[in-house]
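> Take this sequence and fold it.
(4 chains)
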2 protein chains.
Amino acid sequence: MSIRDLARHLNISIGTVSRALNGRSDVNPETRRRVFEAAAAIGYVPNQSGRSLRQGTTNSIGFVVETNSETSLYGDTFFTSVYAGVQQVFARHHLDLIVLLCPFDQDPLEHLRRVVSRRFVDGLFISAIQRRDPRIDHLIESEIPFMALGRSLSGGTHPWIDLDFAGVAHASIHRLVERGHRRIGLVTAGSELNLGYVFADGYREALAAEGLSFDPDLVIRAETSEMGGYDAVDRLLKLPERPTAVLLVNEIMAIGVYRRLHEAGLTPGRDMAVIGFRDSPQSRFLSPPLTCFRIELSGLGRRLAEGLLATMPAYRDQHPIGLVQEIWPMHLVAGESDPPLR
Amino acid sequence: MSIRDLARHLNISIGTVSRALNGRSDVNPETRRRVFEAAAAIGYVPNQSGRSLRQGTTNSIGFVVETNSETSLYGDTFFTSVYAGVQQVFARHHLDLIVLLCPFDQDPLEHLRRVVSRRFVDGLFISAIQRRDPRIDHLIESEIPFMALGRSLSGGTHPWIDLDFAGVAHASIHRLVERGHRRIGLVTAGSELNLGYVFADGYREALAAEGLSFDPDLVIRAETSEMGGYDAVDRLLKLPERPTAVLLVNEIMAIGVYRRLHEAGLTPGRDMAVIGFRDSPQSRFLSPPLTCFRIELSGLGRRLAEGLLATMPAYRDQHPIGLVQEIWPMHLVAGESDPPLR
DNA sequence: AAGAGCGTCGTAAACGTTTACGACAACACA
DNA sequence: TGTGTTGTCGTAAACGTTTACGACGCTCTT
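Sure, this is the predicted structure:
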């Protein structure tokens, strides 16, 4: 079932059929109508390989995700919502979004190399950005359009959108101080994820802004999992002078944090205030509900898509925005895990 | 950077280069060595579109996932581990696994039609199998190799692997009865997911096997989310005669279940026994830890991959297993959420 | 009436790869 | 020496599509 069959069936040339289907102007409207009608009737759909080969483009964009729990900060609902936003924008351009999984036993750079060299996709999203991320250098060098969810230390001239972890740290510290806390712990990502550093830097700055001193003992770098949160609190509880509040880099950790507090006979919120990132059904269903930060995820997805398309020649004119390098805001959702200090 | 450039660089024909790279036997070992060496030196990688066009195959397999929360029973770690298993097998065959997202505002059948007709992949995995699933009929009709994670009512001659929800129901009921429970509730999937029905049927059979009567009031069909679990318990608590134990179709619900019990001044486990599916870090970190069922997920992934390859002519001889239609076992992990009834 | 302009269409090359087929040399065997 | 076999390689067609180019007929202008 090729374009040749369709052309024969209509008694016209394959060139005309192709032009009709691709919406070119030099084809009679009546002819175009007949072509579409016949295509639908006999169920013709263009072969993607042939099309790709000819025009050097695949009409699909890849979202690279790490399956390694060390580098994946977010739960499932996070990416699902982001994907939805991306797809909303892509649908208008007949672009497909596909998810490319980096096997956990493979080096992410190696995996990316493979994806890029195969020319499997026209563009890429990458996430789980490391502090110094060789993937970014490789992508820039290979000249493939891409968008980073998160920024690295090197910066560069590629598009990125980063979540406002510094803002979260500031808002959290300010709120906790207002509620009487003076000794506030931080549990941040222990991996080389850049956001772990951004979060820690924001924490330190926020302490300074509130006139509080910085105690390195209160900063725990942990795995971003239930167990990571558990271990982190374990260490905080062993300090000679415990913090009265703690800030978490993600909400998965909160589960372990609550658990460890319970085991120590303490009540989350009452005996130790907890603020976490991010708002999710899980956060809301914890007891007490976690005070955390909400992200407009599908909006983020849409913006990511726009930012990527803006760098692609074929779509640039439809997205006349400059280089997207933005901080995505998050909004505090008050729970009951950080009541005023008695 | 095409095969032509590589051939010119080596002063041999492109046919020989292609045969050398593809491991055919009719090429001098010394020539083959030179070809591989030169390819690595100048960084040549075969163009996938050209290859696909010629041999009508894409060397990649798609895993279709629903982003709709109504039909997605499992959390993130579930699929991540399954993917890992699939990739282990695929790596040996130079096959790529890509995830194809069905946009939540699109009909899954429509989405699948598009994927299939574009010939984007050589084979497919589908999950979230409905009781009667038109996708399966379409896949059979279109003659594309596929493997279903879950089985539908229609059966048919396609390969599938289904989790042993009936076995879970039996084992759970048996255990609860042993521990003194006589009135046991069930919270199953409210959508048209077939496993929701399989689970309910297993529950009913297990009750009969234990000589207990079936009370339709004790069966709640709910959304497979935190809120779904919450609402389900809410209804169970309103019954004139409360159950002393409850069975959950997934562990996300358990979060809502625990929460609702707490709000009613009840303690999960002590005042109402809870057994859930499935074992995950979350289940373990609940208080009390959830008694649930563990699945060997990467093994499941490997078996899914083998079962798919067994139906594909190009790989069949390397996987001489028949049609895979199997029930995948799950093993009870004792938590503390179902102590003996006082 | 001749030429320009326009709308519509067919022709054929090109994208990069694989593979059927045949060519050729070297060698073994009768 | 002639025939067959084997190992190695080149040639060219084919996959399905897009698109540059030119052809053709029609209308409009001067």
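> Next, the contact list for the residue sitting nearest the centre point of chain A, please.
Closest residue to the average C-alpha location of chain A: A:Leu149 at 4.9 Å, with CA atoms, centre = their mean. Counting by CB atoms under 8 Å, 6 or more residues apart in numbering or on different chains, A:Leu149 touches A:Val82, A:Phe125, A:Ile126, A:Ser127, A:Ile129, A:Trp160, A:Ile161, A:Asp162, A:Leu304. Where you see a C-beta, it was placed from the backbone N, CA and C, and this is true even at glycine.
> do the same with A:Val168
Counted by CB under 8 Å, 6+ apart, A:Val168 has contacts A:Phe199, A:Gly202, A:Phe277, A:Phe293, A:Met330.
> Let me know the helix or strand that it is in.
For A:Val168, the host element (DSSP states H and E) is helix A:165-178.
> right, and the helix or strand after that helix?
strand A:184-189.
> average model confidence for that next one?
Average pLDDT, strand A:184-189: 97.
> and that strand, what does it pack onto?
Applying 3 or more CB pairs under 8 Å, 6 or more residues apart in numbering or on different chains; DSSP states H and E, one finds that strand A:184-189 contacts helix A:165-178, helix A:194-209, strand A:219-222, helix A:226-237, strand A:245-248.
> strands paired with that strand, and their directions?
If you go by DSSP bridges, strand A:184-189 pairs up with strand A:219-222 (parallel), strand A:245-248 (parallel).
> Domain ranges for chain A, per the record?
A:3-46, A:60-163+A:297-328, A:165-295 (automatic domain parsing).
> related to what we said a few turns ago, among the strands paired with strand A:184-189, which is the most enclosed?
strand A:245-248 (a mean of 29; mean count of other CB atoms under 10 Å in any protein chain shown).
> Please name every helix or strand in contact with the helix or strand that it is followed by.
Counting by DSSP H and E, the next helix or strand C-terminal to strand A:245-248 is helix A:251-263. Helices and strands touching helix A:251-263, by 3+ CB pairs under 8 Å, 6+ apart, are helix A:226-237, strand A:245-248, strand A:273-275, helix A:281-285, helix B:281-285.
> Please see if the third one touches chain B.
Which is strand A:273-275. No - counting by CB under 8 Å from any CB of the partner chain, chain B is not contacted by strand A:273-275; separation bottoms out at 14.6 Å.
> what's the helix or strand for the closest residue to DNA strand C within the stretch 1-150 of chain A?
Here the stretch 1-150 of chain A gets closest to DNA strand C at one residue, A:Gly15, 2.7 Å apart by CB to the nearest atom of the strand. A:Gly15 belongs to helix A:14-21 when elements are defined using DSSP H and E.
> buried sites along that helix?
Residues A:Thr16, A:Val17, A:Ser18, A:Arg19, A:Ala20, A:Leu21 are the ones in helix A:14-21 that count as buried (16 or more other CB atoms under 10 Å in any protein chain shown).
> Can you pull out the low-pLDDT segments for chain A?
Across chain A, the ranges flagged by pLDDT under 70 are A:69-76.
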